[in-house]
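Q: After the sequence you'll find the predicted model.
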Amino acid sequence: MPAIDASPESIKRLRADLNVQATLLGRPLQFKTTWGLFSPRAIDEGTELLLANMSVKSDDVVLDIGCGYGPLGLAIASQCVAGEVHMIDKDFLAVEYANRNAQLNGLTNAKAYLSNGLSHVPEDIALSLVVSNLPAKVGNEMFYITFYDAKARMQPGAQIVVVTINGLRQFVKRAFNDVFGNYTKVKQGKSYTISMATMPD
């Protein structure tokens with residue numbers, strides 16, 4: 001691990017926002033990020049793989065679970081111009097930056113808010129698409145709670161599409177079959193797997 005320059009001038013620079021520019025789903029987007037958020041210097045490989053292997057309809061009602069500073073949810077918001085994107089995270093800093101980045105990119109159909117799992121997601125929402133770059137260390141219990149809570153808000157035919165490290169692939173397969181009764185492996189890369197389930201009619 002490289003040594004950190006601990007001079008006051010260097011620390012002051014470290015406190016400044018980082019800037020990430022990326023073309024996601026065909027649209028150039030810009031993001032403000034900061035140290036302490038996931039993948040603050042670049043869009044992570046898992047998010048890029050997920051976006052490259054999913055489709056978005058213009059009127060989708062979307063939930064992005066664990067949104068971070070917003071790259072996944074905001075890329076989707078740029079495509080579902082007649083829909084809406086709910087972005088949730090349990091980290092207040094992530095929510096703050098996701099909302100700032102929605103404004104920065106003029107995406108008025110996206111909003112971020114604090115939620116532990118889906119605890120603050122409206123129960124009467126009718127989701128057509130649920131996405132997540134699932135963290136590896138929240139625990140299997142929280143995954144099951146999250147999947148069941150998502151199912152309760154998904155309309156018939158809705159899809160849940162997640163990216164995980166390959167080590168979680170078999171767990172997600174089992175959990176999706178338990179919760180939704182189906183599972184599809186959309187794509188497996190060197191390090192990450194895209195998994196999908198569909199809400200029964």
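A: That came in fine, so what should we check first?
Q: give me the low-pLDDT residue ranges for this protein?
A: 1-2, 4-6, 10-12 (pLDDT under 70).
Q: residues of the strand ranked longest in it that come out buried?
A: The strand that spans the most residues within the chain, counting by DSSP state E, is strand 154-165. By 16 or more other CB atoms under 10 Å, the buried positions in strand 154-165 come out as 154, 158-164. Bear in mind the C-beta positions are built from the backbone N, C-alpha and C, glycine included.
Q: what does that strand rub up against?
A: With CB atoms under 8 Å, 6 or more residues apart in numbering as the contact definition, strand 154-165 has outside contacts at 46-47, 49-50, 54, 126-134, 136, 147, 150-151, 172, 176, 180, 186, 191-201.
Q: who are the neighbours of the helix or strand just after it, in terms of helices and strands?
A: Under the assignment DSSP states H and E, the closest C-terminal helix or strand after strand 154-165 is helix 169-180. Helices and strands touching helix 169-180, as assessed by 3 or more CB pairs under 8 Å, 6 or more residues apart in numbering; DSSP states H and E, comprise helix 140-151, strand 154-165, strand 184-188, strand 192-198.
Q: do that again at 6 Å, thanks
A: Helices and strands touching helix 169-180, by 3 or more CB pairs under 6 Å, 6 or more residues apart in numbering; DSSP states H and E, are helix 140-151, strand 192-198.
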